[in-house]
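J.: model this:
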Amino acid sequence: MGQEYHAFISYSHRDEAAAKWLHKKLETYRFPSRLVGRQAPFGPIPRTLAPIFRDREELAAGPSLPEKVQHALAMSHALLVICSPDAASSSWVNREIEEFRALRPDLPILLALIEGSPDTAFPPAITAGADVPHEPLAADLRPEGDGRRLGLLKLLAGLVNVPLGELVQRDAQRKMRRVMAVTGVALLAVAILSTATIMAIQARYEAERQRASAEGLIEFMLTDLRERLEGVGRLDILSTVNRRALSYYKQQDLDALPTESLERRARTLLAMGEDDEQRGDLTRALAQFEEAARTTKSLLDQQPDDPHRIYTHAQSEFWVGLIAWRKQQIDAAQKAFERYEELAYKLIGKDPANPDWLMEAGYAASNMATLLLRDRGDAIAAEKRFRASQRLFEKALRLKPGDESIRWDISDSHGWIADSYRAQKRYADALAERKRQKEILSGLIADYPRNVRYRRDELASDFGRALIELDSGANAQAEDHLRDAYRRAAELAAQDRANEKLEQQRIAAGLFLAKAILGNYSSPPAVARQEGRSLLADCSTNAARGDAEISQFCEFLTARVEGRKPAIQLSDTAMKRRLSPRWGIDFAAELRNDDISRKEP
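T.: Residues are numbered from 1 along each chain as shown. Sure thing, here's the model as predicted:
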């Protein structure tokens with residue numbers, strides 16, 4: 001008969017990270033002793049559910065599933081489908097569901113929702129057919145749903161057919177024990193690190209041994225221990241670890257360190273930076289990434305022509321630039337992005353036909369262009385950079401014809417070029433770029449009709465076109481297109497009410513619609529004022545207050561409806577003569593508007 005499997009994991013290869021995580025968690029979960037041996041649909045419950053089948057190869061296009069996959073489906077006691085918009089549009093996932101139902105019609109199918117909603121993420125084969133013997137069991141692994149931990153327990157309970165409460169109770173008891181044990185280990189590790197550092201300073205002849213010991217301990221704390229702390233919700237302990245580790249690393253003479261220590265140092269610092277960035281501590285994250293860049297630069301100096309060393313240092317410079325940009329340290333961000341761009345072009349010099357290097361250089365040029373447009377107000381220089389980025393993407397597409405992600409990057413570059421033209425008041429050219437962007441997105445939607453992201457991008461493109469019309473004085477056309485954009489934005493926001501970005505997009509579309517309505521009249525009539533007030537009602541929501549640009553735009557438009565001066569000055573917006581970074585609002589033009597409507601008596 002061959003190897004039997006407790007489950008077969010079906011997934012889109014775009015969701016490979018989630019599949020790997022779930023595969024590992026399912027196979028390593030240890031059932032409590034009181035459940036081991038109890039009868040399950042496949043026999044006595046074992047201590048663990050290994051083995052579980054997960055195909056690790058990207059399947060080539062073809063009319064049927066490979067023989068090894070068909071055999072694994074036939075030998076599996078359950079099918080576990082990882083659900084997302086990508087999975088829903090995957091022909092292979094749907095074929096695996098259909099094949100499992102044909103081979104094992106009496107066995108269960110379990111669904112693990114990781115992205116999207118049931119309407120957009122469940123593959124059509126799940127609901128196909130009216131005589132399905134088992135209703136699929138669904139676990140919502142999204143943060144706003146069951147979450148990863150409870151969702152995992154739901155899947156485990158479904159695989160062995162036991163009440164969820166029995167696993168939840170056991171998990172709570174084990175989690176409490178782990179919290180106490182792991183916290184003790186973490187605090188002990190911090191004390192050991194401090195002791196090791198002091199001894200390294202005091203005893204020169206012991207320095208080498210202490211350095212290796214301390215570095216090994218730091219790497220343990222930020223890899224293995226980090227994963228355990230994350231599992232019990234105590235990543236806060238790593239704040240202390242990160243501070244001590246950074247202090248230790250800053251004392252090191254990089255020229256005296258061997259290559260192995262430098263590589264470990266770079267890995268550790270990047271992990272520390274990502275931890276701090278995820279916690280929102282951008283100041284500390286920037287310090288970590290700057291130290292990482294100092295380390296990868298030292299490694300690159302040893303082998304300046306090694307593509308791997310060039311690429312690694314380029315990533316460090318990218319992170320330094322990104323965090324500095326998010327902290328509005330524009331000069332520092334620009335210098336880092338320039339170094340990143342120089343390294344990316346150096347990679348192309350090593351291998352001009354490598355599409356990955358072409359894309360890396362394209363991203364670097366696009367980053368610089370975004371900064372020039374949004375923060376320097378230099379739309380002409382930005383346009384040239386965006387054009388260079390687009391040419392690199394197009395060259396990469398010729399090397400990888402039809403590549404989905406590269407096609408999207410090219411469409412995105414058309415949108416940025418349109419923004420550059422809009423800032424230069426070249427409205428006809430800007431509309432032409434939006435048209436080209438729409439054509440590419442329409443092709444992607446036709447090829448991948450279940451991909452919700454492309455429909456959102458299409459809405460953003462249409463929204464951008466309406467803003468160009470609004471700026472050019474075509475208020476009637478802009479109003480029509482903004483009404484359509486506002487309606488579609490409201491539909492998207494209603495489909496995913498937990499997504500604050502979609503709600504902010506809906507509010508922004510409403511604000512620009514209000515601007516168009518009011519701008520159609522030198523003295524807006526009562527009906528226009530009333531519709532404007534209705535659209536501005538969203539300004540009091542948390543989503544609007546959580547976005548500085550929307551909040552400030554609300555004040556300008558509210559002042560116009562009420563016939564008064566805005567309560568904020570141009571200096572308050574920190575935008576001056578530039579378009580705002582997220583929504584492209586020209587606050588200077590808003591303030592210069594001399595036709596502020598007055599309140600009706």
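
J.: Could you list every helix and strand in contact with the helix or strand hosting Ile468?
T.: Using DSSP states H and E, Ile468 sits within helix 452-471. The helices and strands touching helix 452-471, judged by 3 or more CB pairs under 8 Å, 6 or more residues apart in numbering; DSSP states H and E, are helix 404-423, helix 427-447, helix 475-495, helix 500-519. Any C-beta I mention is one placed from the backbone N, CA and C, and that applies to glycine too.

J.: what's the burial count for the nearest residue to Glu549 once chain neighbours are set aside?
T.: Nearest in space to Glu549, with sequence neighbours left out and distances taken as CB to CB, 6 or more residues apart in numbering, is Ser580 at 4.7 Å. Neighbour count of Ser580, defined by other CB atoms under 10 Å: 18.

J.: Ser580 reaches Ile550, doesn't it?
T.: No. In this structure, Ser580 is not within contact of Ile550 by CB atoms under 8 Å, at 9.7 Å.

J.: re the thing from before, run the chain-centre distance for the helix holding Ile468.
T.: What separates the centre of helix 452-471 from the centre of its chain is 21 Å, taken as CA atoms, centre = their mean, to the nearest Å.

J.: repeat for stretch 506-520
T.: Here stretch 506-520 is found 29 Å from its chain centre; the criterion is CA atoms, centre = their mean.

J.: what sits up against it?
T.: Identification of contacts with stretch 506-520 by CB atoms under 8 Å, 6 or more residues apart in numbering yields 463, 466-467, 470, 475-476, 478-479, 482-483, 485-486, 489-490, 492-493, 524, 528-529, 531-532, 535-536, 538-539, 541, 543-544, 550, 553-554, 557, 560-561, 583, 597.

J.: same question, stretch 94-104
T.: Against stretch 94-104 from outside (CB under 8 Å, 6+ apart): 8, 10, 64-65, 69-70, 73-74, 76-77, 79, 81, 107, 109, 123-126, 128-129, 132.

J.: which among the residues you listed end up buried?
T.: The neighbour-count test (16 or more other CB atoms under 10 Å) marks 8, 10, 65, 69-70, 73-74, 76-77, 79, 81, 107, 109, 123, 125-126 as buried among the contacts of stretch 94-104.

J.: correct me, but Arg47 touches Thr28?
T.: No. Judged on CB under 8 Å, Arg47 makes no contact with Thr28 at a distance of 10.8 Å.

J.: So the two - more neighbours on which side?
T.: Remark: of Arg47 and Thr28, Arg47 carries more neighbours, 13 against 10, as counted by other CB under 10 Å.

J.: Now do the same contact list for that one.
T.: Neighbouring residues of Arg47 by CB under 8 Å, 6+ apart: 30-31, 36.

J.: Just give the closest residue to Trp319, not the sequence neighbours.
T.: Residue nearest to Trp319 in three dimensions, not counting chain neighbours: Phe289, with 4.2 Å by CB to CB, 6+ apart.

J.: What is the burial count for that neighbour?
T.: 28.

J.: following the helix or strand encompassing it, which helix or strand shows up next?
T.: In this structure, Phe289 sits in helix 282-302 according to DSSP H and E. Using DSSP H and E, the next helix or strand after helix 282-302 towards the C-terminus is helix 307-326.

J.: Check which residues of that following helix are buried.
T.: Within helix 307-326, the residues scored as buried using 16+ other CB under 10 Å are 309-325.

J.: Determine the angle, from 0 to 180 degrees, between the helix holding Ile468 and helix 500-519.
T.: Relative orientation of helix 452-471 versus helix 500-519 (axes from the mean of the first three to the mean of the last three CA atoms, to 10 degrees): 20 degrees.

J.: the inter-axis angle of helix 452-471 versus helix 427-447?
T.: 160 degrees.

J.: what residue ranges in the stretch 51-200 of the chain are flagged as low confidence?
T.: Applying pLDDT under 70 to the stretch 51-200 of the chain picks out residues 56-64, 129-135, 171-200.

J.: hey, where'd the strands end up in it?
T.: Using DSSP state E, counting those that start in this stretch, the strands of the stretch 51-200 of the chain run over 53-54, 79-83, 109-113, 137-140.

J.: Could you name the helices and strands sitting against the third one?
T.: For strand 109-113, the helices and strands in contact under the criterion 3+ CB pairs under 8 Å, 6+ apart are strand 79-83, helix 91-103, strand 137-140, helix 147-160.

J.: what's the closest of these to Asp275?
T.: Between Asp275 and those, the tightest spacing by CB to CB is seen for helix 147-160, at 18.0 Å.

J.: Just the buried positions in that closest one, please.
T.: For helix 147-160, the neighbour count (16+ other CB under 10 Å) marks 148, 150-160 as buried.

J.: I am finished for the moment; much appreciated.
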